[in-house]
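Quick one, fold the following:
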Amino acid sequence: MADRKPPSAELADLQAIRRALMDDIDSSRGVGRAQLAKALLDVLERIRELAPPEVQEVTPLDELARRRADRESAAPDTHIAFRKPLRG
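Next up, the predicted model:
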């Protein structure tokens, strides 16, 4: 057990892994997404074990919703413009 990191270092590593998994889940589709979600749940459980009680963790769904809103608000306007009717 001498190789084991202190809880604060392990917690920082786990939070980095959580952010990476959320990025992967946000950009993935299909079956791989379920496997990523399972891995994320495992990481979140370990974070809960290590985090001090006063730390409030943002839920993954809140974080994904915020990222999606940020991405959609930053995306260029991609709607199809209506054309004027031809006069004839």
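
Contacts for the helix or strand where Asp42 lies, please.
For Asp42, the element it lies in under DSSP states H and E is helix 31-50. Helix 31-50 is contacted from outside by 7, 10-11, 14-15, 17-18, 21-22, 24-25, 28, 57, 60, using Cβ atoms under 8 Å, 6 or more residues apart in numbering. Every C-beta, even on glycine, is put in place using the N, C-alpha and C of the backbone.

one more time with 6 Å
Contact with helix 31-50 is made by Pro7, Leu11, Leu14, Ile17, Arg18, Leu21, Asp24, Ile25, as judged by Cβ atoms under 6 Å, 6 or more residues apart in numbering.

Spatially, and excluding backbone neighbours, which residue is closest to the fourth one.
Residue nearest to Ile17 in three dimensions, not counting chain neighbours: Val43, with 5.3 Å by Cβ to Cβ, 6 or more residues apart in numbering.

got it, and Lys5?
With Cβ to Cβ, 6+ apart, the residue lying closest to Lys5 is Asp13, at 7.2 Å.

so what does the helix or strand hosting the one you found touch, helix or strand wise?
Taking DSSP H and E as the criterion, Asp13 maps to helix 7-27. Applying 3 or more Cβ pairs under 6 Å, 6 or more residues apart in numbering; DSSP states H and E, one finds that helix 7-27 makes contact with helix 31-50, helix 60-74.

Where does pLDDT dip in this protein?
Low-confidence segments of the chain (pLDDT under 70): 1-4, 30-31, 53-62, 72, 74-88.
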